[in-house]
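> Sequence and predicted structure below; questions after.
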Amino acid sequence: MLRLFIVAGLLIVMYLLVRSAIRQWGRPPGELSDPRQMVQDPMCRVFIPRGTAVPARIGGQTYYFCSSDCATKFERQLSG
Ligand SMILES: [Zn+2]
């Protein structure tokens, strides 16, 4: 009976270790939770940290720009 508890305890410890390792390895793709992550301005091709970028939702997709000026230009370019 004691052995069963030890085995169960080991399984729980292993499960927790694997779970924390998976968390460290990778976030789900597409998740932009880090404001220091670099994003590219599709208008002038400049890279800026997401925290300081200007987000704009154009055509159902969110783009990040270095300035609202670029966002306006890009939107105008897309709409023709
Ligand atoms: Zn720009």
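Yep, that arrived. Only a predicted model underlies this, so the values are computations on that prediction, with no experimental measurement involved.

> contacts, neighbours, all on C-alpha from now
OK.

> Buried ones in the lengthiest helix in the chain, by neighbour count?
Among the segments of the chain that qualify as a helix by DSSP state H, the longest is helix 2-25. Across helix 2-25, burial judged by 16 or more other C-alpha atoms under 10 Å covers no residue at all.

> could you give me the average pLDDT of it?
On average, the pLDDT along helix 2-25 is 91.

> doesn't K73 make contact with C44?
No: the criterion here is C-alpha atoms under 8 Å, and C44 misses it with K73 at 9.9 Å.

> what does the chain have sitting close to the ion?
Proximity of the chain to the ion, by C-alpha under 5 Å from the ion, involves residues 44, 66, 70.

> rewinding a little: dump the longest helix of the chain to PDB, restricted to CA.
The C-alpha coordinates for helix 2-25 follow below in PDB (Å, rounded to 0.1, in the frame of the first residue of the first chain):
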ATOM      1  CA  LEU A   2       2.900   2.400   0.900                       C
ATOM      2  CA  ARG A   3       4.500   1.600  -2.500                       C
ATOM      3  CA  LEU A   4       1.300   2.700  -4.300                       C
ATOM      4  CA  PHE A   5       1.500   6.100  -2.600                       C
ATOM      5  CA  ILE A   6       5.200   6.400  -3.600                       C
ATOM      6  CA  VAL A   7       4.400   5.600  -7.200                       C
ATOM      7  CA  ALA A   8       1.500   8.000  -7.200                       C
ATOM      8  CA  GLY A   9       3.700  10.700  -5.700                       C
ATOM      9  CA  LEU A  10       6.400  10.100  -8.300                       C
ATOM     10  CA  LEU A  11       3.900  10.300 -11.100                       C
ATOM     11  CA  ILE A  12       2.500  13.600  -9.800                       C
ATOM     12  CA  VAL A  13       6.100  15.100  -9.500                       C
ATOM     13  CA  MET A  14       6.900  13.900 -13.000                       C
ATOM     14  CA  TYR A  15       3.700  15.400 -14.400                       C
ATOM     15  CA  LEU A  16       4.500  18.800 -12.700                       C
ATOM     16  CA  LEU A  17       8.000  18.800 -14.100                       C
ATOM     17  CA  VAL A  18       6.900  18.000 -17.600                       C
ATOM     18  CA  ARG A  19       4.200  20.600 -17.400                       C
ATOM     19  CA  SER A  20       6.600  23.300 -16.300                       C
ATOM     20  CA  ALA A  21       9.100  22.300 -18.900                       C
ATOM     21  CA  ILE A  22       6.500  22.500 -21.700                       C
ATOM     22  CA  ARG A  23       5.500  26.000 -20.400                       C
ATOM     23  CA  GLN A  24       9.100  27.200 -20.600                       C
ATOM     24  CA  TRP A  25       9.800  25.700 -24.100                       C
END
